[in-house]
Structure formats: C-alpha cells, structure tokens
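Undergrad: Only the shape, not the letters, is given here:
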C-alpha cells in the first residue's frame, strides 16, 4: 500500500481561536477537506512528486490522507514562526528517500527550509553510507551528498508568518501529502 505519488503544500492562517487558525492554514494549503493522518519520514520507492494541483485532483473530500506535516503556531504579536518539510530523493528510485519536518521560531524561510532539507539529506546519506563531515556547513555537505552519486535531489518547502499584531493565533503548515 505504498503511495506512488505525493505533493508539497503550505499555508498560514490567523484567527482568535487556535483551532480555527489551524483550519485556515489548512485551507490556504488546500488540504482542509481531508482527514489527515500524519506519518513519519519515509518517501516510498518509486514515489513521484507531482504539482499540488495535479495531486489534489486525485483525492476526494473526506478521504483519509497520509502526510508528513510540519505545524507551528503563536499568539505572541510579531513572533516569527516557521514550518518546513525537506525531501531527499535517491538516484535509484527502487530505494526509499526521506522527508523531514521542522518547526521553529525566529527563523526566516530560507534558514528553516534549508534546515529541513539538510535534515532529510543527512538521514538519507547515513542510510546509504555516504561519508561526510557532520560539522561542515549545509552547502558543503549538499555538494558531497550529490557528488556521491546516491542522492539525486534535495528540496524544501517552507511557510513562515509573523504573529498577528493583535495577538490572534497565527498558524503555519507545510506538508508532503501522499496519494494512495
């Protein structure tokens, strides 16, 4: 029952109620009408990442949909929140890849997104036996990973927002949604 397709999505929402803020973020991500079940970090073998609009056409309202979901929220005015997913896809499509989720405060989209991407790539690299210096910067390790011939692609998808000035709940989500 491994999914053959997946898509990335993100969104944010603001509301006086925390749950409603989350619902609005899911609406912005266009995944509010599904029963979301969060799963861990494996990108199945032969799973193709497709554009969101293409993926949404294949699932219907009320379906149970599995996803790797990053979620963060705040009701602190002006506080920067981030939610990001990172992916690492192996060259050999028969092997599995990794998806990571990262939730942070005070990190901009680039920093939070790259952290999630680095995490997914590092998890995949360690399972493939790629030698690297864990203390080196992400951009240095990224080159090592790709030069190893084992990792074909890494990417991230990140949503950030500043907390509502009036103290309403602000929620950010980023997700890799699987199509069964």
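TA: In hand now; what should we look at? Everything quoted here is computed from the prediction, not taken from an experiment. Numbering: from 1, shown residues only.

Undergrad: tell me what the lowest-mean-pLDDT helix or strand in the chain is packed against?
TA: Within the chain, no helix or strand scores below helix 138-147, which has a mean of 75 by mean pLDDT, DSSP states H and E. Under the contact criterion of 3 or more C-beta pairs under 8 Å, 6 or more residues apart in numbering; DSSP states H and E, helix 138-147 touches helix 109-128, strand 151-162. The way it works is simple: take the backbone N, C-alpha and C, and place the C-beta from them, glycine included.

Undergrad: Going along the chain, name the helices of this protein.
TA: Under the criterion DSSP state H, the chain carries helices at the ranges 18-28, 52-56, 109-128, 138-147.

Undergrad: Throw those helices into JSON lines and include mean neighbour count and distance to residue 44, thanks.
TA: Formatted as JSON lines, the helices of the chain follow (neighbours: other C-beta atoms under 10 Å; distance: least, C-beta to C-beta, whole Å):
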{"stretch": "helix 18-28", "mean neighbour count": "18", "distance to residue 44": "23"}
{"stretch": "helix 52-56", "mean neighbour count": "15", "distance to residue 44": "15"}
{"stretch": "helix 109-128", "mean neighbour count": "21", "distance to residue 44": "13"}
{"stretch": "helix 138-147", "mean neighbour count": "15", "distance to residue 44": "20"}
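
Undergrad: In a markdown table: the ones you listed, plus distance to residue 10.
TA: Formatted as a markdown table, those follow (distance: least, C-beta to C-beta, whole Å):
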| stretch | distance to residue 10 |
| --- | --- |
| helix 18-28 | 8 |
| helix 52-56 | 9 |
| helix 109-128 | 10 |
| helix 138-147 | 21 |
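
Undergrad: To residue 165, which of those lies closest?
TA: Closest to residue 165 of those, according to C-beta to C-beta: helix 18-28, at 14.5 Å.

Undergrad: ok, now how distant is residue 85 from residue 98?
TA: According to C-beta to C-beta, to the nearest Å, residue 85 stands 11 Å off from residue 98.

Undergrad: Show me which of these two is the more surrounded one.
TA: residue 85 (30 against 25; other C-beta atoms under 10 Å).
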